[in-house]
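*Asks:* I need the structure of the sequence given here:
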Amino acid sequence: MPEVAPEITPQVPQQGSRLPGPCAPGGVGGPGRSLFPDGILRRQAQRESAARTYARSLPIVPVRARGLTIEGADGRRYLDCLSGAGTLALGHNHPVVLEAIRGVLDSGAPLHVLDLATPVKDAFTTELFANLPPQLAADARIQFCGPAGTDAVEAALKLVRTATGRSGLLTFTGAYHGMTAGALDASGGAPDVRVTRLPYPQDHRCPFGVGGPEGAELGARWAENLLDDPKGGVPAPAGLIVEPVQGEGGVLPAPDAWLRRMREITEARGIPMISDEVQTGVGRTGAFWGVDHAGVVPDVMVLSKAIGGSLPLAVIVYRAGLDVWTPGAHAGTFRGNQLAMAAGTATLAFVRENRLAERAAALGERMLTALRGLASAQPCVGDVRGRGLMIGVELVDPDSGAAAPALAAAVRQECLDRGLIVELGGRHNAVVRLLPPLTLTDEQAVAVLDRLADAIPAAARRPY
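*Replies:* Numbers count the residues shown, from 1 in each chain. Take a look at the predicted model:
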């Protein structure tokens with residue numbers, strides 16, 4: 001497969017050794033309890049909800065981490081291309097993040113302040129506004145929400161409904177906006193349809209059967225016609241919410257021309273556009289924000305994950321004209337997370353100062369090229385796509401071309417056996433997703449690709 005850097009010998013995960021500290025006798029866990037991985041995993045299965053997800057497919061017990069690497073309690077080392085579902089822009093325990101957190105702890109500053117003004121919050125908002133699209137930053141307001149991205153999505157939906165006096169929403173097939181009720185309604189897997197869902201463009205499985213610019217234009221024309229048709233059954237909506245790259249939907253980048261068309265369509269009809277940048281923000285796609293590729297300025301941006309520097313933080317940033325809320329109209333007890341704001345400020349500044357978005361664009365393109373070379377030799381790879389360091393590999397049945405979720409799960413397991421952590425997404429959970437930290441080196445990228453290139457044919461050879 002094509003190389004992205006000079007060849008290196010991939011690190012072979014260490015097996016059989018145990019670490020001192022948390023997993024040693026006398027460590028955490030209390031007297032008489034098993035302190036080794038099997039005991040911890042067993043207790044987790046006994047105590048935690050059946051809704052747990054990552055713990056099922058990744059049965060490891062992390063005890064240390066730095067950058068791309070996680071050490072498990074069993075002594076094995078893993079290359080982490082999940083990165084907290086995209087939260088860890090700088091990888092695990094980056095020095096600038098740790099320094100920022102220690103600074104707050106050592107200063108004696110309050111850790112919980114509701115929505116009071118603090119120097120830590122002021123520094124965060126200043127750094128965030130400095131990195132926003134300039135046309136938005138010049139006339140923006142920020143609302144601190146609860147700790148998760150789905151809380152910010154709820155706030156965005158409430159904001160546009162309050163500002164417009166309308167209730168309907170435009171969303172897209174394949175979307176994912178979180179797990180709370182309103183966010184689920186706007187997501188592609190909603191069991192009860194209470195929004196108008198528009199086709200999201202894609203090449204591999206284009207809903208119009210053509211793909212490319214023509215497929216994207218057909219989708220835009222469909223949306224435009226639906227809104228203008230007096231018999232279309234779609235009254236003027238409160239807003240449109242879109243992901244610049246659909247992550248859980250299968251790593252589908254929105255074509256730039258299509259996103260500009262959607263901005264034109266909404267702007268001409270007075271429909272606020274909400275950009276869900278929870279996973280695409282802070283350099284992930286090769287630009288600071290996903291909408292930057294198309295030069296689009298939304299009315300509302302939903303931000304979480306990387307903006308907290310690995311700690312819980314979620315905000316919406318929006319045009320001042322939408323700021324019609326009364327005091328207390330939206331709140332959240334933990335919207336004043338000082339440690340997250342300090343970690344977020346450090347992360348935003350580090351990404352900006354070190355041009356990590358540009359780095360993600362260049363390295364991501366080389367990784368995509370290498371993976372497409374792999375795809376040409378592996379009939380079970382149906383498509384390789386992505387933007388920046390947000391990459392997806394869709395696994396298919398070589399004979400029918402149908403999505404192959406069981407094969408994708410086997411690839412994930414083969415990767416884990418080789419010390420590589422990946423997760424799945426897509427319509428049928430058949431897309432292997434790579435979300436490495438933006439600090440990924442060329443040598444680490446080669447190691448990631450080597451392990452994945454070895455895992456795919458190994459999975460294809462075994463029954464699944």
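*Asks:* from now on I want contacts and neighbour counts done on CA atoms only, so please keep to that.
*Replies:* Fine.
*Asks:* so who does residue 280 touch?
*Replies:* With contacts defined as Cα atoms under 8 Å, 6 or more residues apart in numbering, residue 280 is in contact with 243, 244, 245, 289, 290.
*Asks:* and with 7 Å instead?
*Replies:* Residue 280 is in contact with 245, 289, 290, counting by Cα atoms under 7 Å, 6 or more residues apart in numbering.
*Asks:* low pLDDT regions in the protein?
*Replies:* Along the chain, the parts satisfying pLDDT under 70 run over 1-35, 179, 181, 183-184, 188-194, 464.
*Asks:* where do the helices sit along it?
*Replies:* Listed in chain order, the helices of the chain (DSSP state H) span 37-47, 54-57, 83-86, 95-107, 119-131, 134-137, 149-164, 181-185, 212-228, 256-268, 338-353, 356-377, 405-417, 442-461.
*Asks:* looking at those, which is nearest to residue 198?
*Replies:* Minimum separation from residue 198 across these (Cα to Cα) falls at helix 212-228, 6.5 Å.
*Asks:* report the distance from that closest one to the chain centre.
*Replies:* Distance of helix 212-228 from the chain centroid (Cα atoms, centre = their mean, to the nearest Å) equals 26 Å.
*Asks:* equivalent analysis for stretch 275-285, please.
*Replies:* Counting by Cα atoms, centre = their mean, stretch 275-285 comes out at 7 Å from the chain centroid.
*Asks:* send the alpha carbons of it over as PDB?
*Replies:* Extracted in PDB, the C-alpha atoms of stretch 275-285 (Å, rounded to 0.1, in the frame of the first residue of the first chain):
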ATOM      1  CA  SER A 275     -24.100  23.600  12.100                       C
ATOM      2  CA  ASP A 276     -23.500  20.600  14.400                       C
ATOM      3  CA  GLU A 277     -19.700  20.900  14.900                       C
ATOM      4  CA  VAL A 278     -19.500  18.600  18.000                       C
ATOM      5  CA  GLN A 279     -17.200  16.100  16.300                       C
ATOM      6  CA  THR A 280     -16.000  18.200  13.300                       C
ATOM      7  CA  GLY A 281     -14.800  21.200  15.200                       C
ATOM      8  CA  VAL A 282     -11.300  22.300  16.400                       C
ATOM      9  CA  GLY A 283      -9.300  21.200  13.400                       C
ATOM     10  CA  ARG A 284     -10.600  17.600  13.000                       C
ATOM     11  CA  THR A 285     -11.600  17.900   9.300                       C
END
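*Asks:* return the set of buried residues in stretch 302-322.
*Replies:* Neighbour-count burial for stretch 302-322 flags 302-320, 322 (criterion: 16 or more other Cα atoms under 10 Å).
*Asks:* contacts only, for the residue nearest the centre of the chain.
*Replies:* With distances taken as Cα atoms, centre = their mean, the residue of the chain nearest its centroid is residue 279 (2.8 Å). Contact analysis of residue 279 by Cα under 7 Å, 6+ apart lists 86, 305.
*Asks:* neighbours of the closest residue to residue 121 other than its chain neighbours, just the number please.
*Replies:* Distances taken as Cα to Cα, 6 or more residues apart in numbering put residue 341 closest to residue 121, at 6.2 Å, once the chain neighbours are dropped. Number of residues near residue 341 (other Cα atoms under 10 Å) recorded here: 27.
*Asks:* ok, residue 341 touching residue 124?
*Replies:* Yes - with contact defined as Cα atoms under 7 Å, residue 341 counts as touching residue 124 (5.7 Å).
*Asks:* before we move on, back to that, ok, now how distant is the residue nearest to the centre of the chain from residue 373?
*Replies:* Applying Cα to Cα, to the nearest Å, the value for residue 279 to residue 373 is 27 Å.
*Asks:* what's near enough to touch residue 254?
*Replies:* Shown in contact with residue 254 (Cα under 7 Å, 6+ apart): 201, 244, 245.
*Asks:* residue 114: which of those residues is nearest?
*Replies:* The closest of the contacts of residue 254, once distances to residue 114 are taken by Cα to Cα, is residue 244, at 31.2 Å.
*Asks:* any idea how far residue 410 is from the closest one?
*Replies:* In terms of Cα to Cα, residue 244 sits 29 Å off from residue 410.
*Asks:* which one of these two has more residues nearby?
*Replies:* A direct count of neighbours by other Cα under 10 Å for residue 244 and residue 410 places residue 244 higher, at 26 against 19.
*Asks:* so which of the buried residues of stretch 302-322 are in strands?
*Replies:* Secondary structure defined by DSSP state E assigns 302, 303, 315, 316, 317, 318, 319 of these to strands.
*Asks:* distance to residue 77 added to these, as CSV?
*Replies:* CSV is the format used below for those (distance: Cα to Cα, whole Å):
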residue, distance to residue 77
302, 34
303, 31
315, 34
316, 37
317, 39
318, 42
319, 45
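*Asks:* which two from the residues you listed end up farthest apart in space?
*Replies:* Using Cα to Cα, the pair of those lying farthest apart is 303 and 319, separated by 14.6 Å.
*Asks:* neighbouring contacts of stretch 63-70?
*Replies:* Stretch 63-70 has contacts (Cα under 7 Å, 6+ apart) with 62, 71-73, 77-80, 90-94, 437.
*Asks:* what do you get if the cut-off is 6 Å, keeping everything else the same?
*Replies:* Outside stretch 63-70, the residues that touch it by Cα atoms under 6 Å, 6 or more residues apart in numbering are 71, 72, 73, 77, 78, 79, 80, 91, 92, 93.
*Asks:* which members of the residues you listed define the maximum pairwise distance?
*Replies:* By the measure Cα to Cα, 73 and 91 form the most distant pair in the contacts of stretch 63-70, at 19.3 Å.
*Asks:* picking up where we left off before, okay, the helices of the chain in a markdown table with distance to residue 284 next?
*Replies:* Listed next are those as a markdown table, based on distance: least, Cα to Cα, whole Å:
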| stretch | distance to residue 284 |
| --- | --- |
| helix 37-47 | 32 |
| helix 54-57 | 21 |
| helix 83-86 | 8 |
| helix 95-107 | 18 |
| helix 119-131 | 14 |
| helix 134-137 | 19 |
| helix 149-164 | 16 |
| helix 181-185 | 22 |
| helix 212-228 | 23 |
| helix 256-268 | 16 |
| helix 338-353 | 10 |
| helix 356-377 | 7 |
| helix 405-417 | 22 |
| helix 442-461 | 15 |
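*Asks:* out of the ones you listed, nearest to residue 430?
*Replies:* Residue 430 sits nearest to helix 405-417 of all those, at 4.2 Å, using Cα to Cα.
*Asks:* just the buried positions in that closest one, please.
*Replies:* Residues of helix 405-417 classed as buried: 405, 406, 407, 408, 409, 410, 411, 412, 413, 414, 415, 416 (neighbour count, 16+ other Cα under 10 Å).
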